[in-house]
Structure formats: structure tokens, C-alpha cells
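[1] below are the sequence and a predicted model; questions follow.
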Amino acid sequence: MTQSLDLAGIGIGPFNLSLAALLDPQTEVSARFFDRRADFAWHPGMMLPNATLQTSWLKDLVAAADPTSRYSFLAYLVATKRLYRFISAEFDAILRREFADYMGWVAGQLESLRFEQTVSAVDFGPDGLFHLTVNDTTVTARNLSLATGPVPATPAWAEGALGPNCVHSSRFLLDAPKVAGRRVIVVGGGQSGAEIVLDLLNRSDAAAPAAVTWISRRPTFAPIDEAPFTNEYFMPGYLEAFLAQPPQRKERILASQKLASDGISHATLRALYQRLYEITYLDRRRDFAALLPYRDAIALDGGSGAYRLTLRNGFDGGIETIDGAVLILATGYRIALPACLDPLRPRLSLDDDRRFVMGRDYCVTWDGPDDRRIFAQNVGRQTLGIADPQLSLMAWRSARIVNALMGRTVYAVDGDVSLLRWETAGDAGRDLKLAI
Ligand SMILES: Cc1cc2nc3c(=O)[nH]c(=O)nc-3n(C[C@H](O)[C@H](O)[C@H](O)COP(=O)(O)OP(=O)(O)OC[C@H]3O[C@@H](n4cnc5c(N)ncnc54)[C@H](O)[C@@H]3O)c2cc1C
């Protein structure tokens, strides 16, 4: 067993990578981050060639906390000798591939990262330390940073169907279901569903499916709301107002914000519409693509490669069935407690839905000593708001975790004030300090 760490990070997605990058200059902190992957990768199953970032590249791993960091996107552009051409290319939104490459470039420089290391168990010992089983060794640490990401969500009717002909979108490129010459059904009207449908419609003759059907529960294929005032939801000042609200009100507010995070980007919608126009009027292949909004998939019959999906149409109340050989479930993700926390579970405070109860500074509430903290990222949209699973506040949140860990203001990120007045004037909530 080696010397115990100040912080052990579980998972190296963007969120713990951001934390690792901001901790890197803090040489008095011993931190190590573990990931089971062989190398850094960002949603490789959905890294479609033309997919773009739904966030400004300025919201990179570090800049919002430390614009002088050597791990900024700007630093990456300079180091990889492309700054002038990047400016000249005038991307409305940068390619996701490039942002993943940037994050991989940062990961390649951080000595605190360890890949091919699976954390299979975490317990708290009588020595007052967390004990992590990492591959075959034990690592001890005073604090944890959990960022293992959400897990794919599959609808109840699809349970048991996953296989070579039925894949979740998160594995679309990894499992690469055989679509050539076959009827493909894509379920889910968000960005992932849209990107997959666009990819299928764009495939050339030999690789093209026989037909593509796209189903969305929403009344239409709805755009993401990226308007300036909506973007206020993704700023620290708004978060402070949101946090002061009681749970039921938070739920209602979140429901009203759905399209601010889950809608389809305008560029993807336009590309899809133009492709559909081309297929319909120029190629005259009216049977090739069918877009079915306002449909709730309610039952799946048939076996692998010969599916029959039953849909309820919210527009006119009708019931219909469609047949397909391949089913792609672009049905989103859900938060789940990682199995490695099982030994600690009796000591964690969980709510009625078995979610973490969050305390100050992104710490999970548990019955251990106050100076032994479990920081957790991307686990609490219900309590921490719409920005929690997004990149927008990533660097800001990492900075707050660094400050909490080190017990002083290393990064001065507090004091953001919203341009809008969210709370009722005189409401006590206005005076609350950030409660997380
Ligand atoms: C396709 C897609 C595109 C997105 N695009 C955007 C966007 O443009 N803008 C935006 O704001 N948000 C976007 N998001 C949302 C969000 O930014 C990402 O989901 C982001 O990857 C979340 O980061 P994370 O660090 O929480 O988790 P993840 O990226 O999921 O990383 C978690 C890591 O933990 C590792 N891990 C898990 N368990 C263990 C274990 N026991 N031991 C070791 N390692 C473990 C996994 O291997 C993984 O590498 C997108 C999401 C998806 C799915």
C-alpha cells in the first residue's frame, strides 16, 4: 500500500478531468484519478463525424476558473499550431471530435491520471480513510471525487431486447449494428436520435438502410432553446436562485426547462430537413424515411431482427404498429449509484428515489467525519439544476471543489449575478449563500 492521497477520483470523463486540470498546479495536494478505459475517450459510441458541441468552446475544462491555465482550449489551439486556421474557419459550433481531442491532449499531460484502472469497491476504514479497490491493489484517500457518468436508460418495453439488432445510442458506433439494406427504427427525439437518423439518411448506396423510421414522444422534432435569456439557466447566478427552492418547486421548474438542454441543435434540424427534402422531391423515394412525432412506443413484439413496435399517437389518439429489423434506442441516460459504492451504501444519505442527498460544495451527505468528503459530479440534476450534467459550469464547479478541498479560495469564482431577477423581491432566498 502506498501513501494515502488527499483525493482519489473515480472516473475520468470531462468532469473529473476538469478537476484534475485545476488541481494540477496545486502541488501540495496529492490527487489521483482512475478510469477503466484504456485511454481518454468522450462518448466514443456517438462520435459521429459531423457532430458538434452544444456548448461554447470557451466553456472548456479550466478557463472559467483560470483563463491563464495551460490546459485551456486556446492553449490547445496554439500548441497544435492551428489557432489562425481555427479563427479563419469560423465554426458556429466546433466539432465534438475536436473537443474530445482537446480533452485527450489535456489528459496526456496530467500526471495524476491512471487509465486501465477499474475501481471495483470503496469502503471507509477504522483508520479514517477511504479504501478503494483499484484493479488488484488498495488505494487509500482522505477524500473522494465521484464522476462516473450516467448510464444508458432503456424503456421497460425494450428490456431483454438489447443485442446485435437492438442497441442503445451510446453504443451505436461501437456495436455498429448491420443496417445496410434493412429497415431501421430509431426511438428518441433528442440530439442523439437526430444525429443517428442524419447519419443513416446520409449513408451511400451499399451502406444505406432499406428504410428509416424515427419516433419521438414530443409533439414535433423540437429545437434546443439557446436564446440568451435561456442561457442564464447555465450560469452560477441562476444556480444560486434555483438552489434556494424547495424540492417540488425544483421539479416543476426543471420540467419547464426541458428544451433548454434536451432539444435538437438548429444545424442538425436544418441538415435533416434538407436531406428529407432531397430524398422526397429529388430522389423521389417517399418510402425511405418516415418521421413520426408525438408517438409513445408502448410495446415490442417479435424477435431479434424482426421487431414489431406498437405506438400510441398523442396527436389523434390512434394506435399503430411498425416493423423493423434494427432498433436503435436513443432514449437517454439515467443517474445510478455506481456498484463500487455498495460497501459504503449503508452510510450514505439517499432520498426516496435512491439518489444522493447533496450537502455543501458538491459533497454527498454521509455519516462519516466532516473532513472526509465525497464530492460528486453529475449526480444531482433534481437538486442541483439543469446545468449539472452539462459542460457549461464544469470549470466553475471544479474550482468550487478545489476551494472546498483546500479550505481556501484558490480560484475566485464566486459573485456571479444573474441579469434577471428570479426570486420575489424581499424573498429570504435572495440572501442565501450558495448552499452546495
Ligand atoms: C453524445 C453526448 C454528447 C454530449 N454533448 C454535450 C455538449 O455538447 N455540451 C454539454 O454541455 N454536454 C454534453 N453532453 C453531456 C455531458 O457533457 C457529458 O455526458 C459528459 O461526458 C459528462 O461527463 P462525466 O465526467 O460526468 O461522465 P462520462 O463522460 O460518462 O465519464 C465517466 C467516466 O467514468 C469511468 N468509470 C465509470 N465507472 C468507473 C469505475 N468504477 N472505475 C473506473 N472508471 C469508471 C468511465 O469509463 C468514463 O470514462 C453530451 C452527452 C452525450 C451522451
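    It's in.
[2] buried set for stretch 22-32?
    L22, L23, D24, V29, S30, A31, R32 (16 or more other CB atoms under 10 Å). C-betas here are computed from N, CA, C, even on glycine.
[3] quick one, what contacts the fourth one?
    Going by CB atoms under 8 Å, 6 or more residues apart in numbering, V29 touches D6, L7, L23, L405, M406.
[4] just these: which are in strands?
    Of the positions in the contacts of V29, D6, L7 sit in strands, assigned by DSSP state E.
[5] tell me the buried residues within the contacts of V29.
    Among these, the ones that count as buried (16+ other CB under 10 Å) are D6, L7, L23, L405.
[6] which bits of the stretch 301-436 of the chain sit near the ligand?
    P338, C340, Q377, N378, P389, Q390, L391, S392 (CB under 6 Å from any ligand atom).
[7] now the helices for the stretch 151-300 of the chain?
    172-175, 191-202, 228-231, 236-243, 247-256, 258-262, 266-277 (DSSP state H, counting those that start in this stretch).
[8] relative to the ligand, which of those helices is closest?
    helix 191-202 (5.8 Å; CB to the nearest ligand atom).
[9] give the other helices and strands that the closest one contacts.
    strand 183-187, strand 211-215, helix 266-277 (3 or more CB pairs under 8 Å, 6 or more residues apart in numbering; DSSP states H and E).
[10] does the last one reach the ligand?
    No - in this structure, helix 266-277 remains apart from the ligand according to CB under 6 Å from any ligand atom; the gap is never smaller than 11.6 Å.
[11] hmm, back to that, who wins on neighbours among the residues of the stretch 301-436 of the chain next to the ligand?
    Q377 (26 neighbours; other CB atoms under 10 Å).
[12] on that earlier part again, so can I have a markdown table of the helices and strands packed on helix 191-202 showing mean neighbour count?
    As requested, these are exported to a markdown table (neighbours: other CB atoms under 10 Å):
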| stretch | mean neighbour count |
| --- | --- |
| strand 183-187 | 24 |
| strand 211-215 | 23 |
| helix 266-277 | 15 |
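[13] nearest to T133, out of those?
    strand 183-187 (37.4 Å; CB to CB).
[14] distance of G149 relative to the ligand?
    As for G149, its distance to the ligand is 2 Å (criterion: CB to the nearest ligand atom, to the nearest Å).
[15] in the helix or strand bottoming out on mean pLDDT in the chain, which residues are buried?
    Ranking every helix and strand in the chain by mean pLDDT, DSSP states H and E puts helix 381-384 at the bottom, with a mean of 88. For helix 381-384, the neighbour count (16+ other CB under 10 Å) marks R381, Q382, T383, L384 as buried.
[16] over to stretch 289-305?
    For stretch 289-305, the neighbour count (16+ other CB under 10 Å) marks A289, L291, L292, P293, Y294, R295, A297, L300, G305 as buried.
[17] need the contact list for the spatially most central residue of the chain.
    Note on the chain: the residue nearest the mean C-alpha position is P389, at 5.0 Å, using CA atoms, centre = their mean. P389 makes contact with P150, S261, N378, R381 under the criterion CB under 8 Å, 6+ apart.
[18] any idea which of the residues you listed is least confident?
    Minimum pLDDT across the contacts of P389 is recorded for R381, with 87.
[19] how about that one, nearest residue that isn't a chain neighbour?
    Nearest residue to R381 in three dimensions, chain neighbours excluded: D388, at 4.6 Å (CB to CB, 6 or more residues apart in numbering).
[20] how confident was the prediction at the one you found?
    94.
[21] likewise for K258?
    89.
[22] before we move on, the earlier item: just the buried residues of stretch 289-305: which are in strands?
    Those of the buried residues of stretch 289-305 lying in strands (DSSP E): A289, L291, L292, R295, A297, L300.
[23] the third one against R218, yeah?
    Yep, that's L292 we're talking about. No - assessed by CB atoms under 8 Å, L292 is found out of contact with R218, at 11.1 Å.
[24] and the residue lying farthest from the centre of the chain, its phi and psi?
    Residue distances from the centre of the chain (CA atoms, centre = their mean) peak at R284, which lies 38.3 Å from the mean C-alpha position. The phi and psi torsions at R284 (degrees, to the nearest 10) take the values phi 50, psi 50.
[25] what domains does the record give for this structure?
    5-150+336-431, 152-224+263-333 (automatic domain parsing).
[26] tell me which of those sits nearest to A244.
    So among those, domain 5-150+336-431 is nearest, using CB to CB, at 3.4 Å.
[27] returning to that earlier point: now the helices and strands packed on helix 191-202 in TSV, with distance to W366 and mean pLDDT?
    Formatted as TSV, the helices and strands packed on helix 191-202 follow (distance: least, CB to CB, whole Å; pLDDT from 0 to 100):
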stretch	distance to W366	mean pLDDT
strand 183-187	38	98
strand 211-215	41	98
helix 266-277	41	97
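[28] check contacts around L5.
    L5 neighbours (CB under 8 Å, 6+ apart): S30, A31, R32, V139, T140, A141, R142.
[29] for the fifth one, name its beta-bridge partners.
    The residues paired with T140 through beta bridges, assigned by DSSP bridges, are H131.
[30] quick one: residues contacting it.
    Applying CB under 8 Å, 6+ apart, the residues near T140 are M1, S4, L5, G125, D127, L129, F130, H131, L132.
[31] if we go to 7 Å?
    M1, S4, L129, F130, H131 (CB atoms under 7 Å, 6 or more residues apart in numbering).
[32] so which of those is the most crowded?
    Busiest of the contacts of T140 [other CB under 10 Å] is F130, holding 24 neighbours.
[33] was I right about that residue contacting L144?
    Yes - with contact defined as CB atoms under 7 Å, F130 reaches L144; the gap is 5.6 Å.
[34] give me the common contacts of the two.
    A8, V122.
[35] can you list contacts of stretch 191-203?
    46, 48, 51, 54, 169, 172, 179, 184, 186, 209, 212, 214, 221, 264-265, 268, 271-272, 275, 279, 289, 328, 330.
[36] 8 Å instead?
    In contact with stretch 191-203 (CB under 8 Å, 6+ apart) are residues 46, 48, 50-51, 54, 169, 172, 179-180, 184, 186-187, 208-209, 212, 214, 216, 221, 224, 262-265, 268-269, 271-272, 275-276, 279, 288-289, 328, 330, 332.
[37] so what pLDDT did G429 get?
    Value listed for G429 in the pLDDT field: 50.
[38] E111 and the ligand: what is the separation?
    18 Å.
[39] quick check, that residue in a strand?
    No - going by DSSP: H, G, I helix; E, B strand; the rest coil, the assignment for E111 is coil, not a strand.
[40] per-residue pLDDT, the closest residue to it other than its chain neighbours?
    Counting by CB to CB, 6+ apart, D24 is the residue found nearest to E111 once chain neighbours are left out, at 7.9 Å. D24 is assigned 98 on the pLDDT scale.
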